[in-house]
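> turn this into a model:
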Amino acid sequence: MQDITSAVNALQFYSNVQPSIRGRNVYVQFSSHQELTVIDQNSQARGDEPNRVLLVTVHHMLYPITVEVLHQVFSPHGFVEKIVTFQKSAGFQALIQYQLQQSAILARNSLQGRNIYDGCCQLDIQFSNLDELQVNYNNERSRDFTNPSLPSEQKGKSSQPGYGDAGMYAHPVGYPQMGNAAAIAAAFGGVLPPGLSGTNDRCTVLVSNLNPDRIDEDKLFNLFSIYGNIIRIKLLRNKPDHALVQMGDGFQAELVVHFLKGAMLFGKRLEVNFSKHVNITTGSDTHDYSNSNLNRFNRNAAKNYRYCCSPTKMIHISTLPQDVTEEEIASHLEEHGTIVGTKLFEMNGKKQSLVLYENEEQATEALVCKHATSLGGSTIRISFSQLQTI
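Numbering: from 1, shown residues only. Here you go, the predicted model:
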């Protein structure tokens, strides 16, 4: 800003108004920096002058890029000694040091402009002006393949001079685990649904306009666990219609915001936004679900991602007892609304059912109240179905 008074006025204005950019809520606070300096984004690159260190920028990054992914992509062209990743305004970048300059030249000629995943994560490769990378830690952001005994502790600073503090968004994406990334890629075939960026790294969401007389942590778990694993849930005692939900990673939190914002539950229209809190601290008023065997994404993650959707009128019920009847299913669920139809069927030798309600709110209530309840001695599992008719 031009002066301190202008900055104070701006902060005061946005303390009462929720700012958003392209539909995503942002938060305004004072910075510890007194002024901004403009740095050439390519200052670490020497362009076409060959060097054994490459500066790699990844564009259109829909899926997580980790040290392991980069090593898998670049190692076929020669021995990779070191990798350092970081986030700049130009996007996600990495420095990759080969043992031989010829290997770096070969990698650049072979990989420039290529996509790591089908249709996304495009590589822009230049020769760096750094002659040697300094790696202090072997972790998800940096790796010295010549010194595997380095500690994994990360102090929050980039190990390369000139790149500065990694800041609060040090992780390139919110879901660095490759198993999860592979599940996401398998679920969506390399292209995320419209409205999802895949780059969010905030794991905690704030849910407001809840019905405090009917909601509790387990019911929130039943609804939010459709979109990912739940770590913790906290109902805010000073705001009974508010709750914090910490998801397993940033992508799962983005699914929650995308699919549940505006959903109706217990007569209230839910407001779901990313929270300014990085995580939920443990305490007597916090419910921890990190070890719950009801978390759906510990198994068949790709299938669960594929079935994510906004609440629908139709619910799908699985893990039913083999001798269950449609009448028993309807009796178990009818208190939550008008059931238009039911269908009982068998798949892979296991009984499953579809139940169609009059509207989405009734189906959502049935899911949050009856998921993981007992029917005929079996703990049933309920999800939304994207089928339109039975």
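
> could you use CA atoms for every contact and neighbour count after this?
Will do.

> what about the closest residue in space to F224 that isn't next to it in sequence, how many residues nearby?
Leaving aside its sequence neighbours, F224 sits nearest to V256 (C-alpha to C-alpha, 6 or more residues apart in numbering; 6.7 Å). Counted with other C-alpha atoms under 10 Å, the neighbours of V256 add up to 26.

> contacts only, for F13.
Under the criterion of C-alpha atoms under 8 Å, 6 or more residues apart in numbering, F13 has no contact partners.

> helix, strand, or coil at it?
helix (DSSP: H, G, I helix; E, B strand; the rest coil).

> show the pLDDT at it.
Per-residue confidence (pLDDT) for F13: 73.

> and the gap between H71 and E140?
12 Å (C-alpha to C-alpha, to the nearest Å).

> cool, Q126 as well?
23 Å.

> more neighbours: which of those two?
Q126 (25 against 18).

> ok so that one is a strand residue?
Yes: secondary structure of Q126 (three-state DSSP): part of a strand.

> okay, and the beta partners of it?
Under DSSP bridges, the beta-bridge partners of Q126 are L55.

> returning to what we had before: residues in contact with the residue nearest to F224?
V256 neighbours (C-alpha under 8 Å, 6+ apart): 224, 227, 272.

> so which of those residues are in helices?
Using DSSP state H, the subset of these located in helices is F224.

> could I get the contacts of V256 as TSV with pLDDT?
Output for the contacts of V256, formatted as TSV (pLDDT from 0 to 100):
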residue	pLDDT
F224	98
Y227	96
V272	96
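
> ranking the contacts of V256 by neighbours, who comes first?
Y227 (28 neighbours).

> all strands for the stretch 251-390 of the chain, in order.
264-265, 268-269, 271-274, 286-288, 314-318, 339-347, 350-357, 374-375, 378-379, 381-384 (DSSP state E, counting those that start in this stretch).

> tell me which of the contacts of V256 is nearest to Q2?
V272 (34.6 Å; C-alpha to C-alpha).

> what sits opposite that closest one in the beta ladder?
V207.

> list the residues that contact the spatially closest residue to G267 that is not a sequence neighbour.
Leaving aside its sequence neighbours, G267 sits nearest to N211 (C-alpha to C-alpha, 6+ apart; 7.4 Å). The contact partners of N211, taken as C-alpha under 8 Å, 6+ apart, are 241, 265-268.

> okay, the strands of the stretch 251-390 of the chain, which one's buried deepest?
Mean neighbour count (mean count of other C-alpha atoms under 10 Å) peaks for strand 381-384 among the strands of the stretch 251-390 of the chain, with a mean of 23.

> quick one: contacts of that strand?
226, 309, 311-319, 367, 370-372.

> make a markdown table from the strands of the stretch 251-390 of the chain and add distance to T204 to it.
What follows is the strands of the stretch 251-390 of the chain, written out as a markdown table (distance: least, C-alpha to C-alpha, whole Å):
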| stretch | distance to T204 |
| --- | --- |
| strand 264-265 | 20 |
| strand 268-269 | 20 |
| strand 271-274 | 6 |
| strand 286-288 | 13 |
| strand 314-318 | 26 |
| strand 339-347 | 34 |
| strand 350-357 | 31 |
| strand 374-375 | 30 |
| strand 378-379 | 28 |
| strand 381-384 | 22 |
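
> can you say which of those is nearest to V205?
Per C-alpha to C-alpha, nearest to V205 of these: strand 271-274, 4.3 Å.

> ok, and what's touching that closest one?
Against strand 271-274 from outside (C-alpha under 8 Å, 6+ apart): 25, 202-209, 253, 256-257, 260-263.

> and these, which of them are buried?
202-209, 253, 256-257, 260-261, 263 (16 or more other C-alpha atoms under 10 Å).

> out of these, which is nearest to Y305?
Nearest member of the buried ones among the contacts of strand 271-274 to Y305, counting by C-alpha to C-alpha, is V256, at 11.6 Å.

> can you list the buried residues in stretch 77-94?
Within stretch 77-94, the residues scored as buried using 16+ other C-alpha under 10 Å are 77-88, 92-94.

> tell me which of the residues you listed has the lowest pLDDT.
K88 (74).

> for E140, give its distance to V67.
On the measure of C-alpha to C-alpha, E140 and V67 end up 6 Å apart.

> can you check S103 too?
Counting by C-alpha to C-alpha - S103 and V67 are separated by 18 Å.

> now N200
Taken as C-alpha to C-alpha, the span from N200 to V67 is 19 Å.

> cool, V56 as well?
Where V67 is concerned, V56 sits at a distance of 12 Å (C-alpha to C-alpha).

> same check on T57?
On the measure of C-alpha to C-alpha, T57 and V67 end up 14 Å apart.

> just I125 next, same as before
Taking C-alpha to C-alpha, one finds I125 at 16 Å from V67.

> equivalent analysis for R232, please.
For R232 relative to V67 (C-alpha to C-alpha), the value is 29 Å.
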